[in-house]
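what's the 3D shape of this:
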Amino acid sequence: MKTVLKLFARARDLAGSPALELDLPDSATATDLRIALGERVPALEPILSSLLIAVGNDYAAPTTPVAGRTDLAVFPPVSGG
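The predicted structure follows:
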């Protein structure tokens, strides 16, 4: 299933695009998305494990279903103070 993923901050810079379309199985989870993203954009490998995946307004757990969702985003953790 085709899934559009929005990319922000350093993830967008490394991918060279604000969004990517990934082909994921119907049973795909956030972990599957992370793996597919690393395969599609090898430049993300250094930050891949720290990327936050959002489904709608919530952060996704590794087992959160993501296939077919239209509100997916990936971004590096943000710190501030």
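
Buried residues of the helix ranked longest in the chain, list them for me.
Longest helix of the chain, by residue count under DSSP state H: helix 30-40. By 16 or more other CB atoms under 10 Å, the buried positions in helix 30-40 come out as Ala30, Asp32, Leu33, Arg34, Ala36, Leu37. C-beta: built from backbone N, CA, C; applies to glycine.

And for stretch 43-59?
Neighbour-count burial for stretch 43-59 flags Leu44, Ile47, Leu48, Leu51, Ile53, Ala54, Val55 (criterion: 16+ other CB under 10 Å).

Tell me the one among those residues nearest to Ala73.
When the buried residues of stretch 43-59 are compared for distance to Ala73 (CB to CB), Ala54 wins out at 4.5 Å.

can you tell me which residues contact the nearest residue to the closest one once chain neighbours are set aside?
Using CB to CB, 6 or more residues apart in numbering and skipping residues adjacent in sequence, the residue nearest Ala54 is Ala73, 4.5 Å away. Ala73 makes contacts with Leu5, Lys6, Leu7, Phe8, Ile53, Ala54, as judged by CB atoms under 8 Å, 6 or more residues apart in numbering.
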